[in-house]
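> build me a model:
(one chain, ligands or ions: 2)
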Amino acid sequence: MNLTITDVRLTPILVADPPLLNTQGVHQPYTPRLIVEVETADGTTGIGETYGDTKYLELARPFAEKLIGRQVSDLNGLFVVADEVVVDRSRVSGQVDVGGLRGVQTADKLRLSVVSGFEVACLDALGKALGLPVHALLGGKVRDAVEYSAYLFYKWAGHPAGVRAEKDDWGAAVDPAGVVEQARRFTERYGFTSFKLKGGVFPPDEEIAAVRALAEAFPGHPLRLDPNGAWSVETSLKVAHELGDVLEYLEDPTLGTAAMAEVAARTGVPLATNMCVTTFAEIKEAFTRDAVQVVLSDHHYWGGLRNTQQLAAICRTFGVGVSMHSNTHLGISLAAMTHVASTVPNLHHACDSHYPWQSEDVLTERLTFDGGRVAVPDAPGLGVELDRDRLAELHRRWLDDDGCLRDRDDAAAMRVADPGWVTPSVPRW
Ligand SMILES: O=C([O-])[C@@H](O)[C@@H](O)[C@H](O)[C@@H](O)C(=O)[O-]
Ligand SMILES: [Mg+2]
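Ligands and ions are numbered 1, 2, ... in the order given. Predicted coordinates:
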């Protein structure tokens with residue numbers, strides 16, 4: 001067995017995305033992803049996936065070159081190599097990721113988001129070469145299936161007229177009845193039993209009404225609301241007070257560790273985050289101040305599957321819950337999430353997944369949810385297979401784009417429908 005990396009292929013693609021609303025604006029009709037393939041001297045190929053915006057591609061290219069000749073098993077070495085890749089300062093100074101939706105933007109976090117795609121590809125190749133599933137390389141699964149929640153979004157029926165887009169069959173959801181209808185479809189199609197609503201879109205009273213409607217339609221089911229930091233401390237407390245009896249947790253009601261700590265101190269409703277704790281450096285202050293009770297890990301920006309396990313261990317040590325965040329990803333990342341989630345003993349909440357919103361994929365066979373769960377693959381590597389024709393088609397779309405869609409910009413997409421739209425200042429309410 002020769003595990004020397006002889007080739008790395010990077011394929012940026014654009015995948016269809018429905019008009020999902022959030023506090024920044026609306027999703028563009030196509031969203032960028034990067035597919036990573038790592039090939040070894042004995043012909044084994046591993047695949048990974050990460051963000052595909054320009055700032056990630058800029059780092060992924062020099063990083064890929066440095067991997068040739070290294071061992072696919074040298075996972076720790078990936079971080080050493082990443083440190084050698086220069087990050088353009090303009091990409092990080094005082095920046096937040098995707099308008100703030102994914103928290104602070106640091107050079108390290110940018111590097112880790114790139115490393116994660118390669119780490120997954122290396123684990124996939126290593127697993128295939130050894131005949132072991134990725135979860136075995138991570139120490140072994142402690143469950144056979146991983147539970148996901150329905151990720152509900154306010155959405156329009158379609159992208160604005162005249163905009164090139166793929167059609168979706170979810171319909172509109174702009175009020176409580178629409179949200180409940182969407183939730184019903186999620187349960188019918190995938191069997192999810194817990195629900196997260198992306199909020200921060202409408203005034204809080206309307207979102208409270210939507211969560212109440214969900215609670216009535218699905219009594220006893222775990223519910224979450226995530227306005228992406230759009231509310232003040234006082235508004236967060238009001239929402240927590242009004243929905244405290246039905247919420248499993250409130251996710252990033254307000255922006256920043258200090259404000260989250262204030263809310264946490266004045267409500268019994270647990271707070272979750274994928275905005276104020278998105279790097280190891282942010283943990284100490286947040287945990288010391290008891291600002292968050294659940295951290296939603298995202299293996300992309302935490303730096304891969306093994307870093308996710310480390311984060312889970314830290315959370316366990318401090319009695320903080322752990323679950324997973326997800327953003328417009330394809331099946332490779334869902335498989336990767338499922339493998340790592342299967343190894344985390346203290347996973348007490350269903351993970352988020354955007355996968356049902358992504359009608360397109362680069363796999364020969366889509367992953368399926370059964371009773372809201374994805375079965376942990378036991379085949380070697382990730383247990384999924386790349387569809388090269390499909391990959392080529394989605395790459396062609398990326399090549400044909402004039403550059404407008406190569407970087408996610410929810411505010412720009414909103415301005416197509418509402419030319420006067422400016423990104424709301426925070427707190428919005
Ligand atoms: O895709 C979106 O619009 C979400 O708002 C996403 O950007 C968030 O990062 C994320 O899913 C979240 O849970 O906050
Ligand atoms: Mg969130």
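> going forward, measure contacts between C-alpha atoms and count neighbours the same way
Noted.
> burial of Ser194, as a residue count?
24 (other Cα atoms under 10 Å).
> thinking it is in contact with His349, fair?
No - the pair Ser194 / His349 is not scored as a contact, 9.1 Å apart, by Cα atoms under 8 Å.
> who touches the residue of the stretch 151-300 of the chain at minimum distance from ligand 1 in this structure?
Closest residue of the stretch 151-300 of the chain to ligand 1, Cα to the nearest ligand atom: Asn228 (5.4 Å). Contacts for Asn228 (Cα atoms under 8 Å, 6 or more residues apart in numbering) come out as Thr23, Leu101, Lys198, Gly199, Gly200, Glu251, Asp252, Pro253, Thr254, Leu255, Met275.
> ligand 1 contacts on this protein?
Asn22, Leu101, Arg102, Asn228, His325, Ser326, Asn327 (Cα under 6 Å from any ligand atom).
> name the nearest residue to the one residue sitting closest to the centre of the chain, sequence neighbours excluded.
Geometric centre of the chain, nearest residue: Ser326, 2.0 Å, by Cα atoms, centre = their mean. Leaving aside its sequence neighbours, Ser326 sits nearest to Ser353 (Cα to Cα, 6 or more residues apart in numbering; 5.0 Å).
> do the same with Ser93
Ser93 sits nearest to Thr106 (Cα to Cα, 6+ apart), 7.5 Å away.
> which strand residues bridge Leu14?
Pro32 (DSSP bridges).
> isn't the residue nearest to the centre of the chain up against Asn274?
No - the pair Ser326 / Asn274 is not scored as a contact, 9.5 Å apart, by Cα under 8 Å.
> would you map the strands across the stretch 51-200 of the chain?
145-147, 150-153, 195-198 (DSSP state E, counting those that start in this stretch).
> got the ones you listed as a markdown table, with mean pLDDT columns?
Below are the strands of the stretch 51-200 of the chain laid out as a markdown table (pLDDT from 0 to 100):
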| stretch | mean pLDDT |
| --- | --- |
| strand 145-147 | 98 |
| strand 150-153 | 98 |
| strand 195-198 | 98 |
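> dig out what Arg9 forms beta bridges with.
Glu37.
> what's the neighbour count on the closest residue to Ala129 other than its chain neighbours?
Distance criterion Cα to Cα, 6+ apart; nearest residue to Ala129, sequence neighbours excluded, is Thr44 at 6.6 Å. Other residues near Thr44 come to 19 when the count uses other Cα under 10 Å.
> show me the shaky parts of the stretch 151-300 of the chain.
Across the stretch 151-300 of the chain, nothing is flagged by pLDDT under 70.
> related to what we said a few turns ago, for the residue nearest to Ser93, give me its contacts.
Val92, Ser93, Gln95.
> where's it relative to Phe79, distance?
Going from Thr106 to Phe79 by Cα to Cα, to the nearest Å gives 15 Å.
> cool, Val211 as well?
Applying Cα to Cα to Val211 and Phe79 gives a distance of 42 Å.
> for Leu237, same thing?
40 Å.
> ok, the two, which is more surrounded?
Applying other Cα under 10 Å to Leu237 and Phe79 shows that Leu237 carries more neighbours, namely 21 against 17.
> the more buried one sits in which helix or strand?
Assigning secondary structure by DSSP states H and E places Leu237 in helix 233-243.
> how about Thr317?
helix 305-318.
> following that helix, which helix or strand shows up next?
Counting by DSSP H and E, what follows helix 305-318 is strand 321-324.
> most surrounded residue in the contacts of Thr106?
Val92 (18 neighbours).
> please enumerate the helices of the stretch 101-250 of the chain.
107-130, 134-137, 176-190, 204-217, 233-243 (DSSP state H, counting those that start in this stretch).
> contacts for the shortest one next, please.
Contacts to helix 134-137, defined as Cα under 8 Å, 6+ apart, come from residues Leu123, Asp124, Gly127, Lys141, His339, Val340, Ser342, Thr343, Pro380, Gly381, Leu382.
> and for stretch 7-16?
29-40, 52, 57, 60-61, 64-65, 67-68, 165-166, 358-361, 391, 394-398, 405-406.
> what's the model's confidence in it, averaged?
For stretch 7-16, mean pLDDT rounds to 98.
> now do the buried residues in it.
Asp7, Val8, Leu10, Thr11, Pro12, Ile13, Leu14, Val15, Ala16 (16 or more other Cα atoms under 10 Å).
> likewise for stretch 131-143?
Leu132, Pro133, Val134, His135, Ala136, Leu137, Leu138, Lys141.
> in TSV: the residues you listed, plus distance to Leu386 and pLDDT.
Output for the buried residues of stretch 131-143, formatted as TSV (distance: Cα to Cα, whole Å; pLDDT from 0 to 100):
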residue	distance to Leu386	pLDDT
Leu132	18	98
Pro133	16	98
Val134	16	99
His135	19	98
Ala136	21	98
Leu137	21	98
Leu138	22	98
Lys141	24	98
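> thinking again about what came up before, CSV for the contacts of Asn228, including distance to Tyr154 and neighbour count?
Output for the contacts of Asn228, formatted as CSV (distance: Cα to Cα, whole Å; neighbours: other Cα atoms under 10 Å):
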residue, distance to Tyr154, neighbour count
Thr23, 10, 23
Leu101, 16, 18
Lys198, 7, 21
Gly199, 8, 28
Gly200, 10, 24
Glu251, 16, 28
Asp252, 17, 26
Pro253, 17, 29
Thr254, 19, 33
Leu255, 21, 22
Met275, 20, 24
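> make a markdown table out of those and add distance to Asp298.
Listed next are the contacts of Asn228 as a markdown table, based on distance: Cα to Cα, whole Å:
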| residue | distance to Asp298 |
| --- | --- |
| Thr23 | 20 |
| Leu101 | 13 |
| Lys198 | 17 |
| Gly199 | 19 |
| Gly200 | 21 |
| Glu251 | 14 |
| Asp252 | 15 |
| Pro253 | 19 |
| Thr254 | 20 |
| Leu255 | 18 |
| Met275 | 11 |
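> nothing else from me, thank you.
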